[in-house]
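>>> Predicted model and sequence follow; I will ask about them next.
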2 protein chains.
Amino acid sequence: MKKVFLIAIAAFLFVACNCGGTGESDTADAVINNICQRKSVRSYTAQTIGDDTIDILLRAAMAAPSGVDVRPWSFVVLKDKSNFDAIFADNMNLPKFKEAAVVIVLCADTTRAVRGSMNGEREANPIWRDDMGACTENLLLAAEAHGLGAVWTACYPFADRMATVKAELALPAEVVPYCIVPIGHHDGTTLPKDKYDATRIHNDRW
Amino acid sequence: MKKVFLIAIAAFLFVACNCGGTGESDTADAVINNICQRKSVRSYTAQTIGDDTIDILLRAAMAAPSGVDVRPWSFVVLKDKSNFDAIFADNMNLPKFKEAAVVIVLCADTTRAVRGSMNGEREANPIWRDDMGACTENLLLAAEAHGLGAVWTACYPFADRMATVKAELALPAEVVPYCIVPIGHHDGTTLPKDKYDATRIHNDRW
């Protein structure tokens, strides 16, 4: 009995030290690991994705930084697979994309202004595209964290792809389709790349 | 003795279920929480940042997705504070930025080509800016995960800011300074925003 008790205590301490001992460090490890595990997944299983999960992915996307807090983003969430053919018609048209459980089109209102100028007019936003890049990355990282596979397929600045998607989704004139992200449960065949390259790092000047 | 044994077993099961029982879910929570906790921190303590941590931030940045795997990024890591004045001269010149422990300038080689064309020439890369947005967001998320504060200050496409930074860091002709990220231990005064907005979500079409 005493032996079993000691084993139970030892097991408790092992689990406690590995999971809760250094809270900040564990969080850091989980976050960095997730960033490094993210990969472009183009092949999916037939499993569906719940609405709660989709909402979390969009919550993560909307938490992106935004210059002067303009938040240019909107999202069209496609679950009706009969639309997938048209969306991907001009975008490589890979049949595997159509196996995704959901497709999210990230859109930008490029006219959402930065601030009023001296004469009362609104200045255009010169950095909406940078906000959209961060927004898309947040979505991809949130998908990876939920065991999902996703891939960023560019739409902006390619005129043919934009025209097709804009017409198909009935986007307003001022809204640009920025990119298309198919999402599904990945089939496990895609592995992450190690892209660390020390030659890309310079100290104090180039 | 039997009672203590049962308590130890119960404690073990409690910790195991909360930390290791649903590994994917704990990771997901940590990742989403980190994304939502990230904020633009412009005020820092005097604490320094170790080289190992800086290396992890750069590893995260380089793990960003990149169209056709071009990886346009390079990084200039400034630790010599005597350079900070010049770097921020045309960029809002906020004195608080100069209290940062380190400043990272994210640069892009915009001429790094996508692929060979039919006549043997290289196509320019139309989406390097999107890669840089994802790269910057990864860096900011990695900083947040390590209890650090950082803020994305735009450089591209502002000609005056770019000219100053390019000259100061002796960047090669083909390299553009994309953005400047001061990083330090935050002083705890900046809170994250809840930017979730259900009106930005559309189903199947706009």
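Perfect, thanks for sending it.
>>> pull the CA atoms of the host helix or strand of residue A:33 into CSV?
Using DSSP states H and E, residue A:33 falls within helix A:23-37. Taking C-alpha atoms only, helix A:23-37 is exported to CSV below (Å, rounded to 0.1, in the frame of the first residue of the first chain):
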residue,chain,number,x,y,z
GLY,A,23,3.0,28.9,-16.4
GLU,A,24,4.5,31.6,-18.5
SER,A,25,7.1,29.3,-20.0
ASP,A,26,4.5,26.6,-20.8
THR,A,27,2.4,29.2,-22.6
ALA,A,28,5.5,30.4,-24.5
ASP,A,29,6.4,26.9,-25.5
ALA,A,30,2.8,26.2,-26.7
VAL,A,31,2.6,29.4,-28.7
ILE,A,32,6.1,29.1,-30.3
ASN,A,33,5.5,25.4,-31.1
ASN,A,34,2.1,26.2,-32.7
ILE,A,35,3.7,28.9,-34.8
CYS,A,36,6.5,26.5,-36.0
GLN,A,37,4.0,23.6,-36.6
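>>> what are the phi and psi angles of the closest residue to chain B within chain A?
For chain A, the residue closest to chain B is residue A:133, as judged by CB to the nearest CB, at 1.8 Å. Heads up, the C-betas are built off the backbone N, CA and C, glycines and all. In terms of degrees, to the nearest 10, the main-chain angles of residue A:133 are phi -60, psi -50.
>>> Does it touch residue B:138 like I think?
No. Applying CB atoms under 8 Å as the test, residue A:133 and residue B:138 come out as separate, 10.6 Å apart.
>>> Report the spatially nearest residue to the residue of chain A closest to chain B, omitting neighbours in sequence.
residue B:133 (1.8 Å; CB to CB, 6 or more residues apart in numbering or on different chains).
>>> Check the gap between that neighbour and residue B:145 for me.
19 Å (CB to CB, to the nearest Å).
>>> what does residue A:181 give?
23 Å.
>>> repeat for residue A:113
33 Å.
>>> neighbour count winner among these two?
The residue with more neighbours, out of residue A:113 and residue B:145, is residue B:145; 28 against 14, by other CB atoms under 10 Å in any protein chain shown.
>>> Make sure that one is actually in contact with residue B:34.
Yes. In this structure residue B:145 lies within contact range of residue B:34 using CB under 8 Å: 5.2 Å.
>>> and for those two, which residues touch both?
A:27, A:31 (CB atoms under 8 Å, 6 or more residues apart in numbering or on different chains).
>>> Which helix or which strand is home to residue A:106?
Using DSSP H and E, residue A:106 falls in strand A:102-109.
>>> what's the angle between the lengthiest strand in chain A and strand A:102-109?
In terms of residue count, the longest strand belonging to chain A (DSSP state E) is strand A:175-185. Orientation of strand A:175-185 against strand A:102-109 (axes from the mean of the first three to the mean of the last three CA atoms, to 10 degrees) gives an angle of 160 degrees.
>>> List the strands paired with strand A:175-185, with their directions.
Using DSSP bridges, the strands paired with strand A:175-185 in its sheet are strand A:102-109 (antiparallel), strand A:148-150 (antiparallel), strand A:153-154 (antiparallel).
>>> looking only at pLDDT, what's the mean for that strand?
pLDDT averaged over strand A:175-185 equals 97, rounded to a whole number.
>>> How far off centre is that strand?
The chain centroid and the centroid of strand A:175-185 are separated by 9 Å, computed with CA atoms, centre = their mean, to the nearest Å.
>>> Specify the local secondary structure of residue A:202.
Three-state assignment for residue A:202 (DSSP: H, G, I helix; E, B strand; the rest coil): strand.
>>> Does the residue lying closest to it once chain neighbours are set aside lie in a helix or a strand, and which?
Nearest non-adjacent residue to residue A:202, counting by CB to CB, 6+ apart: residue B:76, 4.7 Å away. When elements are assigned from DSSP H and E, residue B:76 belongs to strand B:73-78.
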